[in-house]
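Visitor: With the sequence up front, the predicted model follows.
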Amino acid sequence: MAAAALLILHFVLAVGSKFNESTTSDELAHLTGGVSYWRYNDYRLHPENGILPQRWAALPAILQGAKFPQLEGNEYWRANDTWVVGHQFFYETGEDHFPRLMAGRAMIALFSVGTGVLIFLWSHRFFGDAGALISLIFFVFCPDFLAHGALVTSDVCMTFFFLAAVAAWWRHLHDPRARIWWLSTVTLGLAFVAKYSAVLLLPTIAIMACVRVLLSPNPFVLGSRQFATRAGKLGAIVLSTSGQGMVAAVIIWAFYGFRYSIANPSLPPAEFFDQLWRMMEDSIGAFGPCVHTARALHLLPEGFLYGFAYVIKTVQTRSAFLNGAYSEFGWPTFFIWTFLYKTTIATLLAGMLACLVIARRLGRNGMWRKRLYCATPLIVLFVVYWLGSLTSHLNIGHRHLLPVYPVIFIGLGILGAWLTSRQMGRVAAVAVLVAWHVLSAVSVAPHFLAYFNEIAGGPQNGWRHLVDSSLDWGQDLPGLKQWLEKNAHGQPVYLSYFGTGEPGYYGLRANRLSFVNNFKFPQIYVKLEPGIYCISATMLQQVYSPVRGVPWTFALEREYQTMRTLEPMLDRYTNDPDARARFEKMAPRNVWQRAIARFDAVRLARLCHYLRVRKQDANIGHSIFIYRLSAAELADATGSLREWGALIERTVLTDSRK
């Protein structure tokens, strides 16, 4: 009953925290893709993510008969532009997207609850009632699971299937019953349609099989036959695994409607996939020939193969930010830092304490070696996933590390033995750690995505270390609207926003600077005036800007100063139709639009250099920062190099004195 109550509380906290949050960046693509899969049996939209969580989250929208954008004559559908079609689905059909989004979030939260169930059962097996409850409490109040546990993405779904798949596989290696084989097989197949990172399960199950063959004296039973020698065991396991692989392939085909083609031939065609395929196969190295062969033989659906190839390509290079540094290839230490910043201090200390207790018991009691063998799937999952993370170039968010946390929480269950001991010092230590962990989550509620521990300087300093889905994923537009209603007082508002939320949906009347979700809207020239500047953390750090945040070079400064002289012309082009017609005789429209977008990007990057050293006037959910800029301050911030540099120096000197 206590476990059930905790799991219900986790669901309520995770889903409840999202009622006042706008769509995060990837949710628009996940939900739109899921609806299109069900409605049209077409897989062109967002194939690079797991099809299972997208279908699962879209079920309420399908059952409610959600209206989808018109396909005929829709150039964005033909071009497979998930983001524009997603904008159409969310904001242009005449239906309110938010109830559908919340229903999808609740569906994903069930996977988070399911992860909690698995954690409880594993911990209960090793450490009994007290240990299981400790493990569950650490999970239930984990800020990372509360943040991502109710978002329409694939991260928590994959976390659930990582844990479920290794548990079912290990059970299969020791239990000959057919139903266990099928449980393991189906779980493994579902893992591969949950997210492409399921490929890490292949080395995981291979290592587990080796441990079973080398360390267990018991025969491996397959069907009615027993295999007692190591060679026999290994051969039987390979045979069994081959059968599971074939069934898993059938599960993958089922999720793609048992059709090879990524696009439904009865719908407007996907015009660019042939070209995209050629580019993709040439850029994924050794995987290229493998994918090409699988395509040629139709071994797996085209949507699955394309999504896999796309993931391989994107993990090679991707803009990333860590501790004020920028990289296209990431850092081997990225996830070590995110783990240190985004894990509660109580969890870190409890983990170290649990390791000490386990080490002492292993040295004293031979039974603990047997328990260590039983924990093989957890240990192997933890090690393989960490190694995969450390070698990944995709350093865009702490969420990719979620699958290691259930193993940690299960391990913390050993502290349950201290709760049942008569040594009050031990009981007090565990109680303090549990209370500290719970308070860490409560202190940042409902902004769980913005959680950073004391090592990082708390949520208010998180933006200095990590951005994107570790902090600023576009979730705080409703909070910004509420703040502006109370504090704007008619002043001009400027917004540079990272996300897929539509400011107009929330009634935000703001001048749009770079990276507002202009999926299909050309950037227009915006004259900067004194007022309120709202800059989201990812934009403040200029991670994905064409003008990277650092270093600011003399070449960029010359470009900025040159383009400043064109401002009157850009202003007239934007606001005077007659002047626009004359200017477009001098140069085509796309040239003017590129010039405006480039100037806006350079100007904003330069302004952010100053704002990063300036104290914020307010912040919304620790992800959107508010700056009130006066006429004099704005003039210096956007003026000559001498004025800009002097302003930065004065600001830094003033803050250091304070």
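Guide: Cool, the structure landed. Numbers count the residues shown, from 1 in each chain.

Visitor: where along the chain do the strands fall?
Guide: Assigned by DSSP state E, the chain shows strands spanning 220-222, 225-227, 320-322, 325-327, 493-496, 511-512, 531-536, 618-620, 624-629.

Visitor: check contacts around residue 137.
Guide: 6, 434, 437, 438 (CB atoms under 8 Å, 6 or more residues apart in numbering). For the C-beta atoms, the positions are set from N, CA and C on the backbone; glycine is no exception.

Visitor: most tightly surrounded among the strands of the chain?
Guide: Among those, strand 531-536 has the highest mean neighbour count (mean count of other CB atoms under 10 Å), at a mean of 25.

Visitor: how about the contacts of residue 137, which pair is most distant?
Guide: Farthest pair in the contacts of residue 137 (CB to CB) is 6 and 437. Separation: 13.0 Å.

Visitor: Give me the more crowded residue out of the two.
Guide: residue 437 (25 against 19; other CB atoms under 10 Å).

Visitor: which stretches of the stretch 551-658 of the chain form helices?
Guide: 554-564, 567-575, 577-586, 589-611, 631-637, 641-657 (DSSP state H, counting those that start in this stretch).

Visitor: brain fart, the stretch 51-200 of the chain
Guide: 51-63, 75-78, 82-91, 98-140, 143-148, 155-174, 178-194.

Visitor: By mean pLDDT, show me the worst of those helices.
Guide: Least confidently modelled of the helices of the stretch 51-200 of the chain is helix 75-78, at a mean of 92 by mean pLDDT.

Visitor: helices or strands up against it?
Guide: With contacts taken as 3 or more CB pairs under 8 Å, 6 or more residues apart in numbering; DSSP states H and E, helix 75-78 sits against helix 82-91.

Visitor: Give me the angle between the helix it packs on and helix 51-63.
Guide: 30 degrees (axes from the mean of the first three to the mean of the last three CA atoms, to 10 degrees).

Visitor: Run the angle between helix 82-91 and helix 98-140 for me.
Guide: Put simply, helix 82-91 runs at 110 degrees to helix 98-140, going by the same axes, to 10 degrees.

Visitor: List of residues touching helix 82-91?
Guide: Taking CB under 8 Å, 6+ apart as the rule, helix 82-91 contacts 23, 28-29, 31-33, 35-36, 45-46, 66, 68-69, 74, 76-77, 97, 101, 500, 502, 504-505, 517, 519-520.

Visitor: and what of stretch 63-73?
Guide: Under CB under 8 Å, 6+ apart, the answer for stretch 63-73 is 35-36, 39-40, 77, 85, 88-89, 92-95, 100, 103, 267-268.

Visitor: Show me what the helix or strand bottoming out on mean pLDDT in the chain is packed against.
Guide: Sorting the helices and strands of the chain by mean pLDDT, DSSP states H and E puts helix 273-282 at the bottom, at a mean of 74. Under the contact criterion of 3+ CB pairs under 8 Å, 6+ apart, helix 273-282 touches helix 287-297, helix 302-314.

Visitor: Okay, buried residues for the first one please.
Guide: Meaning helix 287-297. 287, 288, 290, 291, 292, 294, 295 (16 or more other CB atoms under 10 Å).

Visitor: How many residues are close by the closest residue to the last one other than its chain neighbours?
Guide: Think residue 295. Sequence neighbours aside, residue 305 is the residue nearest to residue 295 in space, at 5.9 Å (criterion: CB to CB, 6 or more residues apart in numbering). By other CB under 10 Å, 22 other residues sit near residue 305.

Visitor: now residue 305: how far from residue 51?
Guide: 13 Å (CB to CB, to the nearest Å).

Visitor: and the end-to-end length of stretch 446-460?
Guide: End-to-end distance for stretch 446-460, by CA to CA, to the nearest Å: 15 Å.

Visitor: And the contacts of it?
Guide: With CB under 8 Å, 6+ apart as the contact definition, stretch 446-460 has outside contacts at 14, 16-17, 20-21, 143-144, 146-148, 340-345, 348, 440-441, 444, 461-462, 464-466, 469-471, 473, 475-476, 619, 621-623.

Visitor: chain center to stretch 87-98: distance?
Guide: Here the centre of stretch 87-98 is set off from its chain's centre by 23 Å, with CA atoms, centre = their mean, to the nearest Å.

Visitor: What separation is there between residue 545 and residue 595?
Guide: Distance of residue 545 to residue 595, given as CB to CB: 16 Å.

Visitor: which of the contacts of stretch 63-73 count as buried?
Guide: Applying 16+ other CB under 10 Å to the contacts of stretch 63-73 flags 35, 36, 40, 77, 85, 88, 89, 95, 100, 103, 267 as buried.

Visitor: Could you work out the most separated pair of these?
Guide: Within the buried ones among the contacts of stretch 63-73, 103 and 267 form the most distant pair, 25.7 Å apart (CB to CB).

Visitor: Tabulate the helices and strands packed on helix 273-282 (CSV), appending mean pLDDT and distance to residue 611.
Guide: Below are the helices and strands packed on helix 273-282 laid out as CSV (pLDDT from 0 to 100; distance: least, CB to CB, whole Å):
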stretch, mean pLDDT, distance to residue 611
helix 287-297, 88, 42
helix 302-314, 91, 30
